[in-house]
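Undergrad: Quick one, what's the 3D model for this:
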Amino acid sequence: MEKSLAEIQREVDAYISQFKEGYFSPLSMLARMSEEVGELAREVNHSFGEKPKKADEPENSIELELGDILFITVCFANSLGIDLTEAMDKVMLKFNTRDADRWTKKNTD
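TA: I've put the predicted structure just below:
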């Protein structure tokens, strides 16, 4: 069963709410997000780039790094009271209007 963004936001909030520390500050979350994007870049470089993993490097995956980025994104949104479904709807409206003719569409016939 697929989870909606709202369900994911509630799940993350329930997890974070069990700790006295709660959500980190926005600046700390941005730093953490930057760290996670760096870890994703490293995994992509190992998988598709010219830099192979060292023999002693721990196994990790692009999937897990994307999951970490999603988690911190949800934490960031929750801490600021942002509904990610609404945010996504606004972004898709922007792409569907501003960029409607920007890319070559596939033939559908």
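Undergrad: what's the distance between residue 74 and residue 48?
TA: 27 Å (Cβ to Cβ, to the nearest Å). In short, each C-beta sits where N, CA and C put it, glycine included.
Undergrad: These two - which one has more neighbours?
TA: Higher neighbour count among residue 74 and residue 48: residue 74, with 21 against 9, using other Cβ atoms under 10 Å.
Undergrad: Apart from its neighbours in sequence, what residue is nearest that one?
TA: Counting by Cβ to Cβ, 6 or more residues apart in numbering, residue 74 lies nearest to residue 12, which is 4.5 Å off, once chain neighbours are set aside.
Undergrad: mind listing what the nearest residue to residue 84 once chain neighbours are set aside touches?
TA: Among residues not flanking residue 84 along the chain, residue 5 sits closest, at 4.5 Å (Cβ to Cβ, 6+ apart). Neighbour list for residue 5: 84, 85, 88 [criterion: Cβ atoms under 8 Å, 6 or more residues apart in numbering].
Undergrad: What about these, which one has the most neighbours?
TA: Neighbour counts for the contacts of residue 5, by other Cβ under 10 Å, peak at residue 84, which reaches 18 neighbours.
Undergrad: which residues make contact with the helix or strand where residue 86 lies from outside it?
TA: Assessed by DSSP states H and E, residue 86 sits inside helix 84-98. For helix 84-98, contacts defined as Cβ under 8 Å, 6+ apart pick out 4, 5, 6, 8, 9, 73, 74, 77.
Undergrad: and with 7 Å instead?
TA: With Cβ atoms under 7 Å, 6 or more residues apart in numbering as the test, helix 84-98 has contacts from 5, 6, 9, 74, 77.
Undergrad: same check, this time on stretch 52-67
TA: Residues outside stretch 52-67 that contact it (Cβ under 7 Å, 6+ apart) are 36, 39, 40, 43, 44, 46, 47.
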